[in-house]
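Chemist: predicted coordinates and the sequence they were generated for:
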Amino acid sequence: GRDAWFVPESFRLYDKDDRKSFSDRLSNIDGGGMDVPWILKKVNKDRGEGITLLGPRGEGLLEVQQKLQNNEKISGKSDFYVVQRYIPNPLLFEHYYKFDLRIYWLVASAQPLAVYYHDGILRVSLTKYDGKDFSSRKGHLTNVSQQKKEKNYEEAKDRATRSFEDLLSTLESYVAKNPHIPEPIRDDPLGHIRTQIKAALVYIIEAFKDSFTLGKCKGDNAFAFFGGDFMIDSDLKVWVSEVQSGPDLALSAEAKKNVIKVLLPEMFDIVAEVQDKQIRGESLFPLESAKTWEFVYG
């Protein structure tokens, strides 16, 4: 199939072939793997749990290399880990702080399949980023659970959660100071980011669309609400971190509150319109309730 251009170089350490490939990547066979940073993720964990940073030629990476060579479990009795190339050149917020994007997407209808996208929030680290220091996860992880560990979180929580308007300001400032960004992107940097995210969502949906079925649902249709976490690098390329099946909707910061209070009521209006049209035997499209939700697949 097509190359998943938005996924960092990744290896499933519970898969025999991937495990061998990563071992080769860290050895002289495929070379170079020991000289770049990686991030080790325990599968089926969230909120930053089960994540280990592996700096270039650091103690952690050397330990993983040895365990692979000796065919030992990565941790205790488990090999249920994924390792990914750490993006070494993240775009920084206000010049110093790493961030990612939490966006939202809606399967408004399973039969027929109809998927919509909505802008979300920026999740910003409260610790300055240091791309050479992998001894601590501070400054590297951007999720809210990690930021809540900071002593000043309650006072700073609105700094840790920002809006897409703040993203636009960041992008415009960045392209103005970086002539290596091509002209078409410079004209609409936020549009460039959105286009990549939506293209990545289409790829993900096509890969897993057979899973969007009614399954054991007793009704004639179903809907599902998802989140997605994406990073932006210094070339304004988008990378996926993960897809969330149950994104947090807590109104924990002003920027998030402003997004959720718009997308959530509209989401239920969309779902109700789908149901009403199907009952009446009408075509689903266009969905008049979708005002801030953008159609991406169906």
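Modeler: Thanks, I have the structure now. Numbering: from 1, shown residues only.
Chemist: okay, CA-based contacts and neighbour counts for the rest of this
Modeler: Fine.
Chemist: surely residue 237 is in contact with residue 193?
Modeler: Yes. Counting by C-alpha atoms under 8 Å, residue 237 touches residue 193, with 7.5 Å between them.
Chemist: those two - which one has more neighbours?
Modeler: residue 193 (19 against 16; other C-alpha atoms under 10 Å).
Chemist: got the phi/psi numbers for the more buried one?
Modeler: Note on residue 193: its backbone torsions stand at phi -70, psi -50 [degrees, to the nearest 10].
Chemist: go on, residue 233?
Modeler: The phi/psi pair for residue 233 (degrees, to the nearest 10) is phi -100, psi -180.
Chemist: equivalent analysis for residue 70, please.
Modeler: phi -90, psi 0.
Chemist: for it, give its distance to residue 60.
Modeler: Residue 70 is 15 Å from residue 60, where distance means C-alpha to C-alpha, to the nearest Å.
Chemist: of the two, who's got more company?
Modeler: Of the pair residue 70 and residue 60, residue 60 is the one with more neighbours under other C-alpha under 10 Å, namely 18 against 9.
Chemist: confirm that the more buried one sits in a helix.
Modeler: Yes. Read with DSSP: H, G, I helix; E, B strand; the rest coil, residue 60 is one of the residues of a helix.
Chemist: what about it, distance to residue 115?
Modeler: As for residue 60, its distance to residue 115 is 41 Å (criterion: C-alpha to C-alpha).
Chemist: quick check, central residue of the protein?
Modeler: Geometric centre of the chain, nearest residue: residue 229, 2.0 Å, by C-alpha atoms, centre = their mean.
Chemist: that residue in helix, strand or coil?
Modeler: strand.
Chemist: show me what contacts it?
Modeler: 100, 101, 102, 103, 240, 241, 242, 243, 244 (C-alpha atoms under 8 Å, 6 or more residues apart in numbering).
Chemist: list only those of the residues you listed flagged as buried.
Modeler: Neighbour counting with 16 or more other C-alpha atoms under 10 Å marks 100, 101, 102, 103, 240, 241, 243, 244 as buried within the contacts of residue 229.
Chemist: tell me the one of those nearest residue 27?
Modeler: residue 241 (25.9 Å; C-alpha to C-alpha).
Chemist: for stretch 32-42, how far is the first residue from the last?
Modeler: 24 Å.
Chemist: contact partners of it?
Modeler: 25-27, 49-57, 61, 80-86, 88.
Chemist: in stretch 35-48, what counts as buried?
Modeler: 36, 37, 38, 39, 40, 41, 42, 48.
Chemist: strands paired with whatever helix or strand residue 119 lives in, and their directions?
Modeler: Using DSSP states H and E, residue 119 sits within strand 114-124. Strand pairing for strand 114-124, determined by DSSP bridges: strand 97-109 (antiparallel), strand 161-162 (antiparallel), strand 294-297 (antiparallel).
Chemist: sorry, back to before: now render the buried ones among the contacts of residue 229 as JSON lines, adding pLDDT and distance to residue 11.
Modeler: Output for the buried ones among the contacts of residue 229, formatted as JSON lines (pLDDT from 0 to 100; distance: C-alpha to C-alpha, whole Å):
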{"residue": "100", "pLDDT": "96", "distance to residue 11": "22"}
{"residue": "101", "pLDDT": "98", "distance to residue 11": "23"}
{"residue": "102", "pLDDT": "97", "distance to residue 11": "24"}
{"residue": "103", "pLDDT": "98", "distance to residue 11": "25"}
{"residue": "240", "pLDDT": "97", "distance to residue 11": "15"}
{"residue": "241", "pLDDT": "92", "distance to residue 11": "14"}
{"residue": "243", "pLDDT": "91", "distance to residue 11": "17"}
{"residue": "244", "pLDDT": "87", "distance to residue 11": "20"}
